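*Asks:* Fold the following.
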Amino acid sequence: MRPVALIAVVAVLSVGPPARLPAQAVDSTRLSALKREAAAEVDRMATFTQQTVDMVFSFGELGFQEIETSKYLTGILRKNGFSVVEGVAGMPTAWVATWGSGKPVIALGSDIDGIPQASQKPGVAYRDPLVEGAPGHGEGHNSGQAVIITAAIALKKLMERERLSGTIRIWPGVAEELLGGKAYLVREGVFRDVDVTLFTHVSSNLSTEFGNSPGSGLVSVEYSFLGETAHSAGAPWRGRSALDAVELLNVGWNFRREHLRPQHRLHYVVRDGGDQPNVVPRSATVWYYLRETDYPHIKELYDMGAVMAQSAAAMTGTTLARSRLLGSAWPRHYNRPVAEAISSNIRAVGLPAWSAEDQQLARGVQRELKARETGLDTALAPLGRGVDPDQDRGGGSDDIGDVSWVTPTVILQYPSNIPNLPGHHWSNTIAMATPIAHKGATAGAKVVALTLLDLFGNPALVDSAWSYFRNVQTKNQQYVPFLKPDDQPPVEMNVNIMARFRDRMKPFYYDPTKYRTYLEQLGIKYPTVR
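*Replies:* Residues are numbered from 1 along each chain as shown. Predicted structure coming up:
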């Protein structure tokens, strides 16, 4: 934790609610011309985008340990005139980069962390890890910062020339796979003066949505029990097993599932099960994700978990030593006026022109996974219109949900991965340092750049975004953070895993001064398919 940096970021960012709104309007003819220029500038930056995608891919770092990734990205941003504050909200790999002045303030965000055991050679359509057992980008988070940084640099050039007022604020989603970062950024005040947040995430199509996004919110909570050791064979009656408490808690939840709503999702891993079999475990810890589709039901699961953990301790004569909230994610709600503007820009940009090699790789991976062999998407997805909360059956989570409840927020999904794959899996790594990822990131950067021009050049769009946010989204539901004031981000997580693998991963870091692409550096023929 860096107190000086935190004081600095609060001073810069926590300046009260957004004012309405002294930005200038740009007439439609001029705006159209600027959009054409912005798209052309993004195309000219295609090599920069590709190198950024490939470099972050090669680091493959897990949540809270995105050290090389953050060093590389903040270096790019400083070189291009952005001021950077690091160590934000007590997270060493969290940072905020800012350029410009005045209103509107537009925040651009994308995640940066990888997936455990997802190491995989890019462009190879079957299991072939770079480092066996090591992490990798099996979610594709290596590509998102390339999208927003390319767009921001392209816009910066036009804004300087045209003297457009406005502020661009870039931030990383730290430890998204742990749902461990964004709620802390919200609590720190990073979004307090933000007018609109544009968030990007890898997908297999170019799309956006508004309203309640299908999926779940959650709390990530760790229960630690404390008992008493004894000889497991000689005098087990003198011991009190913390592991018994963990197992009883797990059994209790598994029986309780039958009586929970179908929308719930509940999963856990045992992080500490004791030391060795002949010693009654004095300590044991289990880590849960408790998911539901709305705040009241997430809170109900959270409260239920506290009761069940205390009960497990009581049944075993142990103590619930700690119930620690590691992270949280509100269900996501995206802004309609901004989503409609993005959708218009998506139609203007269109999907990339996939090569025969791109399609061959995609079909090869799908065939390997015994998935539907459809290849890459060639038709744009329609504008998503959300889901009625009562019809939402749950699913994945993203802590961008917390951001979406404090400022108008929209997600852009860009086509850098292959359809029909499992997610959080080595196969999702395959495309992420190939022409598929590079073309998809460039398409996404164009859409972000065009949407930034809409927001900087049309104050009425920002006003409409806030009208929707106040009068529709938050009319009957206000944001209530799960974090308590004394909760701190679990920045120690993944330290041991990265310590075990980082030195073995370093020889595979990308060197753009010697190789045009990461595939070239690795000597991989594109595509390599069975």
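*Asks:* could you list every residue that touches the residue nearest to Ser311 when sequence neighbours are not counted?
*Replies:* Once flanking residues are discounted, Ser311 sits nearest to Gly252: 7.2 Å by Cβ to Cβ, 6 or more residues apart in numbering. No exception for glycine: its C-beta is placed from N, CA and C like everyone else's. With contacts defined as Cβ atoms under 8 Å, 6 or more residues apart in numbering, the neighbours of Gly252 are 308, 311-312.
*Asks:* Going along the chain, name the helices of the stretch 1-150 of the chain.
*Replies:* Using DSSP state H, counting those that start in this stretch, the helices of the stretch 1-150 of the chain run over 3-13, 28-44, 46-59, 67-79, 144-162.
*Asks:* next one: the stretch 201-350 of the chain
*Replies:* Counting by DSSP H, counting those that start in this stretch, the stretch 201-350 of the chain has helices at residues 242-256, 295-316, 336-349.
*Asks:* Quick one, which of the helices of the stretch 1-150 of the chain gets closest to Leu519.
*Replies:* Smallest distance to Leu519 across the helices of the stretch 1-150 of the chain (Cβ to Cβ): 8.2 Å, for helix 46-59.
*Asks:* what is the orientation angle of that closest one with helix 28-44?
*Replies:* 50 degrees (axes from the mean of the first three to the mean of the last three Cα atoms, to 10 degrees).
*Asks:* for the record, mean pLDDT for helix 46-59?
*Replies:* Averaged across helix 46-59, the pLDDT comes to 98.
*Asks:* Which elements pack onto it?
*Replies:* Contacts defined by 3 or more Cβ pairs under 8 Å, 6 or more residues apart in numbering; DSSP states H and E place helix 46-59 against helix 67-79, helix 144-162, helix 435-457, helix 518-522.
*Asks:* Mind listing what's buried along the second one?
*Replies:* Which is helix 144-162. By neighbour count on 16 or more other Cβ atoms under 10 Å, the buried set for helix 144-162 is 144-156, 158-159.
*Asks:* quick one, the following helix or strand past that helix and helix 67-79 angle?
*Replies:* Using DSSP states H and E, the helix or strand that follows helix 144-162 towards the C-terminus is strand 166-173. Using the same axes, to 10 degrees, one finds that strand 166-173 and helix 67-79 are set 170 degrees apart in direction.
*Asks:* Run a quick neighbour tally on Arg470.
*Replies:* For Arg470, the neighbour count with other Cβ atoms under 10 Å is 11.
*Asks:* ok, Thr93 touching Ser70?
*Replies:* Yes: Thr93 is in contact with Ser70 according to Cβ atoms under 8 Å; the separation is 4.5 Å.
*Asks:* Could you list the low-pLDDT ranges of the protein?
*Replies:* Applying pLDDT under 70 to the chain flags residues 1-23.
*Asks:* Give me the distance between the residue lying farthest from the centre of it and Phe59.
*Replies:* Distance to the chain centre peaks in the chain at Gly234, reaching 50.0 Å (criterion: Cα atoms, centre = their mean). The gap separating Gly234 from Phe59 is 50 Å, by Cβ to Cβ, to the nearest Å.
*Asks:* So for this protein, which residue is the most central one in space?
*Replies:* Taking Cα atoms, centre = their mean, the centroid of the chain lies closest to Asp111, which sits 3.7 Å from it.
*Asks:* Return the residues in contact with it.
*Replies:* Asp111 is in contact with 139, 141, 144, 172-174, 176, 201, counting by Cβ under 8 Å, 6+ apart.
*Asks:* nearest residue to it other than its sequence neighbours?
*Replies:* Excluding the flanking residues, the one nearest Asp111 by Cβ to Cβ, 6+ apart is Gly173, at 3.4 Å.
*Asks:* circling back to that earlier point, could the helices of the stretch 1-150 of the chain be laid out in JSON lines, adding distance to Lys475?
*Replies:* Formatted as JSON lines, the helices of the stretch 1-150 of the chain follow (distance: least, Cβ to Cβ, whole Å):
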{"stretch": "helix 3-13", "distance to Lys475": "27"}
{"stretch": "helix 28-44", "distance to Lys475": "31"}
{"stretch": "helix 46-59", "distance to Lys475": "39"}
{"stretch": "helix 67-79", "distance to Lys475": "37"}
{"stretch": "helix 144-162", "distance to Lys475": "30"}
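*Asks:* still on that earlier bit, list buried residues within the contacts of Gly252.
*Replies:* The neighbour count (16+ other Cβ under 10 Å) marks 308, 312 as buried among those.
*Asks:* And stretch 81-100, what's buried?
*Replies:* Going by 16+ other Cβ under 10 Å, stretch 81-100 has these buried residues: 82, 84-100.
*Asks:* I meant to write stretch 433-440 there.
*Replies:* Under the neighbour-count criterion of 16+ other Cβ under 10 Å, stretch 433-440 has 433-440 buried.
*Asks:* Give the residues shared as contacts by Thr93 and Ser70.
*Replies:* Taking Cβ under 8 Å, 6+ apart as the criterion, Thr93 and Ser70 both touch 112, 172.
*Asks:* can you tell me the helix or strand for Ile411?
*Replies:* strand 409-415.
*Asks:* Tell me the strands beside that strand, with direction?
*Replies:* Applying DSSP bridges, strand 409-415 is found paired with strand 196-203 (parallel), strand 207-208 (antiparallel).
*Asks:* what inclination does that strand have with respect to helix 435-457?
*Replies:* Orientation check (the same axes, to 10 degrees): strand 409-415 against helix 435-457 gives 150 degrees.
*Asks:* With adjacent residues omitted, what lies nearest to Arg385?
*Replies:* Of all residues not flanking Arg385 in the chain, Gly211 sits nearest, at 6.0 Å (Cβ to Cβ, 6+ apart).
*Asks:* give me every residue that touches Ala312.
*Replies:* With contact taken as Cβ under 8 Å, 6+ apart, Ala312 is in contact with 225, 245-246, 248-249, 252, 320.
*Asks:* wait, I meant Val495
*Replies:* Val495 sits next to 64-65 when contact means Cβ under 8 Å, 6+ apart.
*Asks:* at 7 Å what do you get?
*Replies:* Contact partners of Val495, counting by Cβ atoms under 7 Å, 6 or more residues apart in numbering, are Gln65.
*Asks:* And for Arg161?
*Replies:* Here Arg161 is in contact with no residue (Cβ under 7 Å, 6+ apart).
*Asks:* For Ser467, see how far away it is.
*Replies:* Counting by Cβ to Cβ, the gap from Arg161 to Ser467 is 32 Å.
*Asks:* Then Val286?
*Replies:* Distance of Val286 to Ser467, given as Cβ to Cβ: 45 Å.
*Asks:* cool, Ala314 as well?
*Replies:* For Ala314, the distance to Ser467 equals 52 Å [Cβ to Cβ].
*Asks:* do Ala151 as well
*Replies:* Applying Cβ to Cβ, the value for Ala151 to Ser467 is 26 Å.
*Asks:* tally of neighbours for the residue nearest to Arg385?
*Replies:* Counted with other Cβ under 10 Å, the neighbours of Gly211 add up to 20.
*Asks:* which ones are touching it?
*Replies:* When contacts are counted by Cβ under 7 Å, 6+ apart, Gly211 touches 333-334, 336, 385-386.
*Asks:* cool, and Leu412?
*Replies:* Listed by Cβ under 7 Å, 6+ apart, the contact set of Leu412 reads 198, 200, 208, 342, 444, 447-448.
*Asks:* how about a cut-off of 6 Å?
*Replies:* Contact analysis of Leu412 by Cβ atoms under 6 Å, 6 or more residues apart in numbering lists 200, 208, 342, 447.
*Asks:* quick check, nearest of those residues to Arg324?
*Replies:* Nearest to Arg324 among the contacts of Leu412: Thr200, at 30.6 Å, using Cβ to Cβ.
*Asks:* sorry, back to before: okay, and which of the buried residues of stretch 81-100 map to strands?
*Replies:* Among those, DSSP state E puts 84-86, 95-100 in strands.
*Asks:* Between which two of those is the distance greatest?
*Replies:* Across those, the longest distance by Cβ to Cβ is 19.5 Å; it joins Glu86 and Gly100.
*Asks:* re the thing from before, so can I have JSON lines of the contacts of Asp111 showing distance to Gln413?
*Replies:* Formatted as JSON lines, the contacts of Asp111 follow (distance: Cβ to Cβ, whole Å):
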{"residue": "Glu139", "distance to Gln413": "13"}
{"residue": "His141", "distance to Gln413": "13"}
{"residue": "Gly144", "distance to Gln413": "10"}
{"residue": "Pro172", "distance to Gln413": "18"}
{"residue": "Gly173", "distance to Gln413": "14"}
{"residue": "Val174", "distance to Gln413": "20"}
{"residue": "Glu176", "distance to Gln413": "15"}
{"residue": "His201", "distance to Gln413": "5"}
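*Asks:* Appreciated, that's everything.
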